[in-house]
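A.B. asks: got a sequence here, can you model it:
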Amino acid sequence: MRRKFIAFGIIGIAAFVLTGCNGNNVTNPATSNVQTQKAKENEVCNTSKLCEEGLKCLKGKCSSGKVDSTCETYKDCQSGLYCLKSICSNPPSYTKYFTKIQIGKMKQGMPPGPNNIPVPTTEFKSTDAIEIDVIAKSGVSGTFYYELVNSTTGMTEFTTADNKQKVQPGNWGTGFGIPGGLSGNFDLNIYFNDELVSITAITIS
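C.D. replies: From the prediction side, this is the model:
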(Lines give C-alpha, C1' and ligand atoms only; values in the text may rest on other atoms or scores of the structure.)
Protein backbone atom coordinates (compact mmCIF):
# COMPACT_ATOMS: atom_id res chain seq x y z
CA MET A 1 0.00 0.00 0.00
CA ARG A 2 2.84 2.38 0.80
CA ARG A 3 4.41 1.84 -2.63
CA LYS A 4 1.08 2.42 -4.42
CA PHE A 5 0.51 5.68 -2.52
CA ILE A 6 3.95 6.97 -3.40
CA ALA A 7 3.48 6.04 -7.05
CA PHE A 8 0.09 7.77 -7.18
CA GLY A 9 1.59 10.92 -5.62
CA ILE A 10 4.36 11.06 -8.22
CA ILE A 11 1.85 10.63 -11.07
CA GLY A 12 -0.29 13.46 -9.63
CA ILE A 13 2.64 15.86 -9.38
CA ALA A 14 3.72 15.06 -12.92
CA ALA A 15 0.19 15.73 -14.20
CA PHE A 16 0.10 19.08 -12.35
CA VAL A 17 3.44 20.15 -13.80
CA LEU A 18 2.38 19.17 -17.32
CA THR A 19 -0.92 20.99 -16.98
CA GLY A 20 0.93 24.11 -15.77
CA CYS A 21 3.34 24.00 -18.68
CA ASN A 22 0.85 23.25 -21.45
CA GLY A 23 -2.49 24.41 -20.12
CA ASN A 24 -4.41 27.61 -19.86
CA ASN A 25 -3.77 28.21 -16.19
CA VAL A 26 -0.42 30.00 -16.66
CA THR A 27 -0.31 33.58 -17.96
CA ASN A 28 2.17 34.08 -20.77
CA PRO A 29 3.80 37.52 -20.31
CA ALA A 30 4.26 37.82 -24.06
CA THR A 31 0.52 37.62 -24.68
CA SER A 32 -0.65 39.43 -21.54
CA ASN A 33 -3.23 42.17 -22.06
CA VAL A 34 -1.93 44.19 -19.13
CA GLN A 35 -0.82 47.64 -20.39
CA THR A 36 2.04 49.63 -18.88
CA GLN A 37 0.92 52.99 -17.51
CA LYS A 38 2.59 55.98 -19.16
CA ALA A 39 4.84 58.19 -17.05
CA LYS A 40 3.49 61.61 -16.02
CA GLU A 41 5.16 65.03 -15.74
CA ASN A 42 8.58 64.81 -14.01
CA GLU A 43 8.34 61.02 -13.63
CA VAL A 44 11.32 58.85 -14.62
CA CYS A 45 11.78 57.78 -18.25
CA ASN A 46 14.46 56.68 -20.69
CA THR A 47 12.53 57.37 -23.89
CA SER A 48 9.68 59.70 -24.84
CA LYS A 49 7.55 56.65 -25.76
CA LEU A 50 7.23 55.92 -22.03
CA CYS A 51 5.77 59.38 -21.32
CA GLU A 52 2.14 60.47 -21.55
CA GLU A 53 1.04 62.07 -24.82
CA GLY A 54 2.42 65.58 -25.22
CA LEU A 55 5.44 64.95 -22.96
CA LYS A 56 9.00 64.19 -23.97
CA CYS A 57 11.82 62.52 -22.08
CA LEU A 58 14.56 64.99 -21.10
CA LYS A 59 17.41 64.21 -18.72
CA GLY A 60 15.57 61.08 -17.56
CA LYS A 61 12.24 62.79 -16.77
CA CYS A 62 9.01 63.40 -18.70
CA SER A 63 8.59 67.11 -19.51
CA SER A 64 5.78 69.31 -20.81
CA GLY A 65 7.88 72.49 -21.07
CA LYS A 66 5.86 74.29 -18.41
CA VAL A 67 7.36 76.08 -15.39
CA ASP A 68 9.32 73.57 -13.23
CA SER A 69 9.58 71.07 -16.11
CA THR A 70 12.93 69.49 -16.97
CA CYS A 71 14.79 71.04 -19.93
CA GLU A 72 18.09 70.96 -21.78
CA THR A 73 17.79 74.31 -23.60
CA TYR A 74 15.17 77.07 -23.82
CA LYS A 75 13.68 75.30 -26.87
CA ASP A 76 12.35 72.61 -24.52
CA CYS A 77 10.31 75.21 -22.61
CA GLN A 78 7.12 77.01 -23.51
CA SER A 79 7.36 80.45 -25.13
CA GLY A 80 8.60 83.13 -22.74
CA LEU A 81 10.28 80.68 -20.38
CA TYR A 82 13.99 80.03 -19.97
CA CYS A 83 15.94 76.87 -19.19
CA LEU A 84 17.72 77.72 -15.94
CA LYS A 85 19.78 74.96 -14.34
CA SER A 86 17.85 72.38 -16.40
CA ILE A 87 14.45 73.66 -15.18
CA CYS A 88 11.94 75.68 -17.24
CA SER A 89 11.59 78.97 -15.37
CA ASN A 90 10.10 82.42 -15.64
CA PRO A 91 12.63 85.11 -16.58
CA PRO A 92 14.36 86.71 -13.58
CA SER A 93 13.79 90.33 -12.60
CA TYR A 94 16.51 92.86 -11.81
CA THR A 95 14.13 95.54 -10.48
CA LYS A 96 14.95 94.77 -6.85
CA TYR A 97 18.49 96.07 -7.39
CA PHE A 98 18.50 98.15 -10.58
CA THR A 99 16.24 100.63 -12.34
CA LYS A 100 17.78 99.77 -15.72
CA ILE A 101 19.81 97.11 -17.47
CA GLN A 102 20.18 97.84 -21.16
CA ILE A 103 22.06 95.80 -23.77
CA GLY A 104 23.60 97.54 -26.79
CA LYS A 105 26.38 97.31 -29.35
CA MET A 106 29.54 99.34 -29.83
CA LYS A 107 32.68 99.26 -31.91
CA GLN A 108 35.38 96.96 -30.58
CA GLY A 109 38.61 98.46 -29.29
CA MET A 110 37.14 101.91 -28.55
CA PRO A 111 35.78 103.32 -25.29
CA PRO A 112 32.29 104.84 -25.21
CA GLY A 113 32.22 108.41 -26.49
CA PRO A 114 30.90 110.70 -29.23
CA ASN A 115 32.42 108.42 -31.88
CA ASN A 116 31.31 105.20 -30.22
CA ILE A 117 27.81 105.61 -28.82
CA PRO A 118 26.12 102.38 -27.64
CA VAL A 119 23.10 101.44 -29.76
CA PRO A 120 20.41 99.39 -27.96
CA THR A 121 19.92 96.09 -29.81
CA THR A 122 19.84 92.30 -29.43
CA GLU A 123 21.39 91.61 -32.86
CA PHE A 124 25.16 91.71 -33.21
CA LYS A 125 27.91 90.98 -35.67
CA SER A 126 30.96 89.06 -34.54
CA THR A 127 33.01 92.26 -34.93
CA ASP A 128 30.85 94.21 -32.46
CA ALA A 129 31.36 94.78 -28.76
CA ILE A 130 28.48 94.21 -26.34
CA GLU A 131 27.74 97.07 -23.95
CA ILE A 132 25.79 96.59 -20.71
CA ASP A 133 24.48 99.84 -19.22
CA VAL A 134 23.20 99.72 -15.65
CA ILE A 135 21.55 102.08 -13.18
CA ALA A 136 21.87 100.74 -9.63
CA LYS A 137 19.30 101.69 -7.03
CA SER A 138 20.35 103.76 -4.02
CA GLY A 139 22.23 101.75 -1.43
CA VAL A 140 22.80 98.73 -3.69
CA SER A 141 26.30 97.29 -3.45
CA GLY A 142 27.91 94.04 -4.47
CA THR A 143 29.53 92.31 -7.43
CA PHE A 144 28.40 91.92 -10.99
CA TYR A 145 29.29 89.43 -13.72
CA TYR A 146 27.85 88.13 -16.99
CA GLU A 147 28.06 85.18 -19.33
CA LEU A 148 27.09 84.11 -22.84
CA VAL A 149 25.25 80.79 -23.02
CA ASN A 150 24.60 79.04 -26.30
CA SER A 151 20.81 78.71 -26.29
CA THR A 152 20.92 75.67 -28.58
CA THR A 153 23.50 73.57 -26.75
CA GLY A 154 23.24 75.10 -23.27
CA MET A 155 27.03 75.52 -23.16
CA THR A 156 28.60 78.60 -21.53
CA GLU A 157 30.75 80.17 -24.24
CA PHE A 158 32.05 83.17 -22.28
CA THR A 159 31.95 84.25 -18.64
CA THR A 160 33.43 86.87 -16.33
CA ALA A 161 32.62 84.84 -13.20
CA ASP A 162 36.34 84.79 -12.32
CA ASN A 163 36.65 88.54 -12.77
CA LYS A 164 33.61 90.06 -11.04
CA GLN A 165 33.15 93.82 -11.00
CA LYS A 166 31.96 95.96 -8.13
CA VAL A 167 28.65 97.65 -8.82
CA GLN A 168 29.09 101.41 -9.12
CA PRO A 169 26.48 103.83 -7.77
CA GLY A 170 24.18 105.49 -10.29
CA ASN A 171 24.54 105.09 -14.03
CA TRP A 172 27.51 103.05 -15.24
CA GLY A 173 28.42 100.56 -17.90
CA THR A 174 30.62 97.61 -18.77
CA GLY A 175 31.15 95.55 -21.87
CA PHE A 176 33.22 93.07 -23.85
CA GLY A 177 34.28 92.25 -27.38
CA ILE A 178 32.53 89.22 -28.81
CA PRO A 179 34.96 86.29 -28.71
CA GLY A 180 36.18 85.32 -32.17
CA GLY A 181 34.24 82.65 -34.01
CA LEU A 182 31.04 82.92 -31.99
CA SER A 183 27.80 83.00 -33.97
CA GLY A 184 24.25 81.83 -33.41
CA ASN A 185 21.64 82.33 -30.70
CA PHE A 186 22.72 83.08 -27.13
CA ASP A 187 21.41 84.08 -23.73
CA LEU A 188 23.29 86.98 -22.16
CA ASN A 189 22.94 86.21 -18.45
CA ILE A 190 23.71 88.88 -15.84
CA TYR A 191 24.40 88.04 -12.20
CA PHE A 192 24.41 90.30 -9.16
CA ASN A 193 25.92 88.84 -5.98
CA ASP A 194 25.77 85.44 -7.74
CA GLU A 195 22.01 85.78 -8.29
CA LEU A 196 20.77 85.62 -11.89
CA VAL A 197 18.92 88.91 -12.36
CA SER A 198 18.64 89.32 -16.13
CA ILE A 199 18.48 87.21 -19.29
CA THR A 200 18.54 88.74 -22.77
CA ALA A 201 18.23 86.59 -25.89
CA ILE A 202 20.70 87.82 -28.53
CA THR A 203 21.89 86.71 -31.95
CA ILE A 204 25.43 86.95 -33.30
CA SER A 205 26.16 86.71 -37.03
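A.B. asks: walk me through the domains of the protein.
C.D. replies: The chain breaks down into these domains under automatic domain parsing: 48-89, 98-204.
A.B. asks: how close does the nearest residue to Ser126 once chain neighbours are set aside get to Lys85?
C.D. replies: In space, and not counting its chain neighbours, Ser126 is closest to Ile178: 5.5 Å by CB to CB, 6 or more residues apart in numbering. Every residue, glycine included, has its C-beta placed from N, CA and C. Separation of Ile178 from Lys85 (CB to CB, to the nearest Å) stands at 25 Å.
A.B. asks: which one of these two is surrounded by more residues?
C.D. replies: Using other CB atoms under 10 Å as the criterion, Ile178 and Lys85 rank with Ile178 on top: 22 against 7.
A.B. asks: which regions of the protein lie under the pLDDT threshold?
C.D. replies: Along the chain, the parts satisfying pLDDT under 70 run over 1-35.
A.B. asks: if you set the cut-off to 50 instead, what comes out?
C.D. replies: Along the chain, segments meeting pLDDT under 50 span 1-34.
A.B. asks: all the strands of it, residue numbers only.
C.D. replies: 56-58, 61-63, 82-84, 87-89, 98-107, 119-120, 123-124, 128-136, 143-150, 156-159, 165-166, 170-177, 184-192, 195-204 (DSSP state E).
A.B. asks: tell me which strands and helices the last one is in contact with?
C.D. replies: Packed against strand 195-204, as judged by 3 or more CB pairs under 8 Å, 6 or more residues apart in numbering; DSSP states H and E, are the following elements: strand 98-107, strand 123-124, strand 184-192.
A.B. asks: ok, now with 6 Å
C.D. replies: strand 184-192 (3 or more CB pairs under 6 Å, 6 or more residues apart in numbering; DSSP states H and E).
A.B. asks: contacting residues around the strand it packs on?
C.D. replies: Strand 184-192 has contacts (CB atoms under 6 Å, 6 or more residues apart in numbering) with 97, 142, 144-151, 196-203.
A.B. asks: for Cys45, which of the strands of the chain is the nearest?
C.D. replies: Nearest of these to Cys45, taken as CB to CB: strand 56-58 at 4.0 Å.
A.B. asks: who does that closest one pair up with?
C.D. replies: Note on strand 56-58: by DSSP bridges, its sheet partners are strand 61-63 (antiparallel).
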